[in-house]
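Trainee: based on what follows, work out the 3D shape:
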Amino acid sequence: MEGHIIIGVDLHGEWVENPTRYTWRSKGRETVSIKISENVTYDELVDIIVSRFELDCDKNDLSISYMLGFIEKQKGAPSRIRNDLDLRFFLDDQSRPILRISVVEKIIETTNSVVNDEEHPVTMDIPINEEASLHSISTQGSRYTDDDGTDFYKGKIFKDKQELTKLLKLASVKKDQTFKSVKSSKDVYCARCVDQNCDWWLRATKLKSCNRFEITKYRNIHLCGAQHLTSHHPHASADVIAEYIQPNYLNGKGPSTKDIKNIVQADLGCKISYWKCWKSSEIAKAMIRGTPEHGYAVLDGYRHMLMTINEGSKTSLKLDDKRRFKYFFASYGAWIRGFVHMRKVLAVDGTFLRGRYDGVLLSAVAQDTENHVFPVAFCVVDKECDAAYEYFFEKLLDIVHDTSELCIISDRHPSIEKTLSKFYSEAYHGCCTRHLGENARKNFHCEAFLRHYYHATKAYRRDVFHDHFEQIRIINAEVADYLENVGFHKWSRAYFPGNRYDVLTSNIVESVNAMFNEAREFPIIALFNDISKRWSEKFHERRMAYAKLKTTFVPSAETKIMANKNLRNKLLVHQIDEDTFSITADNGIAMVHFRSKICSCREFDLDKIPCQHAMAALRHKFGDEYGKMIYEYSSPYYKVESYILAYADPIYPVPAEEFWNLSLKILERVIPPPEKKTKLGRKRLK
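Mentor: Numbering: from 1, shown residues only. Model (predicted):
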């Protein structure tokens, strides 16, 4: 069966005489469609156009040489259709559903050359999608000749009338021109210049099958003067300014109110008030990140998509008695699986959110063997209290089990200490030495105190710890009493009953708080999108970087091994039995037990890497093979293989809301935001 193709022909115009040729001037700029056989020749196409539309020219004037069309390609200059071969090439190309032809000119002189009108170059464009081709021959990309620099042209399509009016206002602000709406209905929008004598005119209509609007008529020439110009442009509304500045909010916090005022002044040449700058920023943020209310409303659908896309993830949403948002907990599957290969030390802390509804972001993070932060779980709550931490630790217990190997570091918030004993009875709780030291010296500052305090916290042996603690007591007895009342087992590595390795502070959580300092202002969904994005980048970066390492252990562990190997050369070794060795050094005698992997200096016990005494004993026992045995007597957490496995799984972002594939019940569930309590005074940001 013979196929057909739709052709749009621009026929509404007149011939204008020039010294050497006639030029076709389009009047209505409307395109008339005809259906022809896909096997039509170029001569037959000319016959159809001349006879059907009764052009004011005969067939000889409209010969092959005098009809031009342009096919706009993705790259390179447009190609001209000059002959039958070119026409067939076009008709055979199924990727071009619409052909647009314009009658351009007829030359007075008898010549086979055609000169294109410089003021009105003709283009032939293909619709950007199938939907557009069903409704209009001239679609997006069909640019007309008199380009006014606004990117508006007949056939341009907008997703709705709101986008059309907003972009039209922005274009008028850029060009410093003013228009007024003369008709605005459900299906039609018309605008004209405010000057009655100006020819500028735009008409757009709604497409039948969707909410898209298409420009059907457009006269883009302004003949008005400068009498309507003003420094405060009437179309420079908050919505229009927001449309212009919204790309600045795609990554990060975005410009401040003062910056927006300067941007608008420099780029658009108009002045706007401080209030309008602030309002524009709020609208632009909502366009990029959504409103806080909408974030809570669709949170249930968001968490289901998070778990669907990221296998093994754990999330939980809790509402209050009024069915409003209360708590939200999330841990990605990649984090849960990666923590298996981490040292079992967690740091827990909370930081205030700065959005419209306030709240607190609770974090549980680990530290890998290269001292990088590793995420475990995040939770948004109303405030740091017993109920909030009970919810947090209850959900955390599902992914981090309660064992004696686990150690949790935090500040001395009473709710943390109280609820930890309820959910993590076997794990050990340690204080952040930095927070404790700052509290101890609030009214007392002395460099000698700080030096002895931090030496005491890092000491492996208890005798070394007491030497520094006695110096603290000499400097200030009250401070020493305060530290002693807290309990040595809470802040001293020498007395700590579990193993916190070298993680003495909760600084890793503070680093996370600083990492998301800007995102703490975002709506809840935008906040978690930023969290997943940042950690996804970190995971990929570390996975790629450490996959190239040729060493057995990570660089920091290899450095420590080499340092201990150099120290062991001056030590004397005496073997007591198969697994026990006595090591003589300048500062005394140390006992090494290989079966238990301990040394009396306690460095071997706590760091899980052979100390200098253990190195000397290994060399004595294994001789030339002792280098390999160093890795056997070290913790497998330090292996490069373990490090890569911790970051092996990718983190996938939740797609935009329009791409969610969920049940109707979940999609229809709307979560109201938490109750907002208005506080007196200016909101504190720092």
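
Trainee: show me what contacts residue 348?
Mentor: Going by CB atoms under 8 Å, 6 or more residues apart in numbering, residue 348 touches 362, 363, 364, 408, 409, 410, 416, 506, 509. All C-beta spots, glycine's among them, are computed from the backbone N, C-alpha and C.

Trainee: for it, give the beta-bridge partners.
Mentor: Taking DSSP bridges as the rule, residue 348 bridges to residue 364.

Trainee: quick one: it and residue 510, what's the gap?
Mentor: Residue 348 sits 12 Å away from residue 510, taking CB to CB, to the nearest Å as the criterion.

Trainee: okay, now the unreliable bits of the chain?
Mentor: Residue ranges of the chain with pLDDT under 70: 1-36, 38-39, 42-43, 46-149, 225-232, 442-445, 568, 678-686.

Trainee: change it to 50
Mentor: 1, 29, 54-83, 85, 89, 93-100, 102-146 (pLDDT under 50).

Trainee: show me the biggest helix of it in terms of residues.
Mentor: For the chain, the helix with the greatest residue count under DSSP state H is helix 524-546.

Trainee: please name every helix or strand in contact with that helix.
Mentor: Helix 524-546 makes packing contacts with helix 274-289, helix 292-297, helix 299-309, strand 373-381, helix 640-646 when contacts are defined by 3 or more CB pairs under 8 Å, 6 or more residues apart in numbering; DSSP states H and E.

Trainee: what comes up buried for it?
Mentor: For helix 524-546, a neighbour-count test (16 or more other CB atoms under 10 Å) marks 524-532, 534-536, 538-539, 542-543, 546 as buried.

Trainee: in whichever helix or strand comes after that helix, what's buried?
Mentor: As assigned by DSSP states H and E, the chain's next helix or strand after helix 524-546 is helix 555-567. Within helix 555-567, the residues that qualify as buried by neighbour count (16+ other CB under 10 Å) are 557, 558, 560, 561, 564, 565.

Trainee: tell me the one among those residues nearest to residue 589.
Mentor: Set against residue 589, the nearest of the buried residues of helix 555-567 by CB to CB is residue 564 (17.7 Å).

Trainee: which residues touch the closest one?
Mentor: Per CB under 8 Å, 6+ apart, neighbours of residue 564: 609, 610, 611, 612, 614, 615.

Trainee: one more time with 10 Å, if that's ok
Mentor: 603, 604, 607, 609, 610, 611, 612, 613, 614, 615, 616, 630 (CB atoms under 10 Å, 6 or more residues apart in numbering).

Trainee: what ranges does the stretch 401-550 of the chain have for its strands?
Mentor: With DSSP state E, counting those that start in this stretch applied, the stretch 401-550 of the chain shows strands at 407-410, 428-431, listed in chain order.

Trainee: right, and those strands - which one's nearest residue 307?
Mentor: Closest to residue 307 of the strands of the stretch 401-550 of the chain, according to CB to CB: strand 407-410, at 25.6 Å.

Trainee: partner strands of that closest one and their direction?
Mentor: Within its sheet, strand 407-410 is paired with strand 345-352 (parallel), strand 428-431 (parallel), according to DSSP bridges.

Trainee: and the contacts of it?
Mentor: 343-350, 364, 367, 389, 393, 396, 400, 416-417, 420, 424, 427-433, 435, 496-501, 503-509.

Trainee: from the residues you listed, which would you call buried?
Mentor: Members of the contacts of strand 407-410 classed as buried by 16+ other CB under 10 Å are 343-350, 364, 367, 389, 393, 396, 400, 416, 420, 424, 427-433, 435, 496, 498-501, 503-509.

Trainee: with just CA atoms, put stretch 484-503 into PDB.
Mentor: Output of stretch 484-503 as PDB, limited to C-alpha atoms (Å, rounded to 0.1, in the frame of the first residue of the first chain):
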ATOM      1  CA  GLU A 484      37.100  12.300  87.700                       C
ATOM      2  CA  ASN A 485      33.300  12.500  88.500                       C
ATOM      3  CA  VAL A 486      32.500  11.900  84.900                       C
ATOM      4  CA  GLY A 487      34.400   8.700  85.100                       C
ATOM      5  CA  PHE A 488      37.700   7.700  83.600                       C
ATOM      6  CA  HIS A 489      36.100   4.900  81.700                       C
ATOM      7  CA  LYS A 490      34.000   7.400  79.700                       C
ATOM      8  CA  TRP A 491      36.800   9.500  78.200                       C
ATOM      9  CA  SER A 492      40.100   7.800  78.800                       C
ATOM     10  CA  ARG A 493      41.300   5.300  76.200                       C
ATOM     11  CA  ALA A 494      43.400   3.600  79.000                       C
ATOM     12  CA  TYR A 495      40.300   2.900  81.100                       C
ATOM     13  CA  PHE A 496      37.700   2.400  78.400                       C
ATOM     14  CA  PRO A 497      36.300  -1.100  78.700                       C
ATOM     15  CA  GLY A 498      35.600  -1.600  75.000                       C
ATOM     16  CA  ASN A 499      37.600  -0.700  72.000                       C
ATOM     17  CA  ARG A 500      37.100   2.700  70.400                       C
ATOM     18  CA  TYR A 501      40.400   2.400  68.300                       C
ATOM     19  CA  ASP A 502      41.600   6.000  67.700                       C
ATOM     20  CA  VAL A 503      38.100   7.500  67.500                       C
END
